[in-house]
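Asker: Have a look at this prediction, sequence included:
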Amino acid sequence: MTSAVEHIRPALANFLANFGKPFIGAGLLALLAACGSAPLSPPVTESGQTAATQAVGSGALWGPQLLTGRFNCEMNNRVDVKMGDDQRHIDLTWKGRVYVMLPMATSTGALRFEDRSSGMVWIQIPSKSMLLNSKLGQQVANECKV
């Protein structure tokens, strides 16, 4: 059985070759090639963890990108983030409880910190931050900004 991408790819390539502009054709062909690719599996470390769940070293790697301070979030929620004393973790305060969050490697460049015992996950991207509870599978604070 052929997939929809395999069925459409030759017809679209033919159309672009005859009618499409070169810069549009190259972009769409690259997009189609990506759609037809198998998903990448994350590399596994010697400890058996994937790179996405392996703690990364000192704040020297991620510290310059880290935003700290009081974050105001949707629904009047508030999260406080500060660099840990040892420069190897962050201290995150949520609803009066302090979580010691370790940095985790990501493939996207986002900053990700986890407290495995509680399941809390803090993610920072340039436009916003969010707090998740991985044990419950829920966002607990979203659209957090300094």
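Answerer: Sure thing, it's come through.
Asker: Lowest-scoring secondary structure element of this structure by mean pLDDT?
Answerer: helix 22-35 (a mean of 38; mean pLDDT, DSSP states H and E).
Asker: Tell me how many other residues crowd the closest residue to residue 128 other than its chain neighbours.
Answerer: Nearest residue to residue 128 in three dimensions, chain neighbours excluded: residue 143, at 5.4 Å (Cβ to Cβ, 6 or more residues apart in numbering). C-betas here are computed from N, CA, C, even on glycine. By other Cβ atoms under 10 Å, 15 other residues sit near residue 143.
Asker: again, but for residue 139
Answerer: Around residue 139 there are 15 residues (other Cβ under 10 Å).
Asker: And residue 67, by the same measure?
Answerer: Neighbours of residue 67 under the rule other Cβ under 10 Å: 13.
Asker: so it touches residue 146, yeah?
Answerer: Yes: under the criterion of Cβ atoms under 8 Å, residue 67 makes contact with residue 146 at 5.4 Å.
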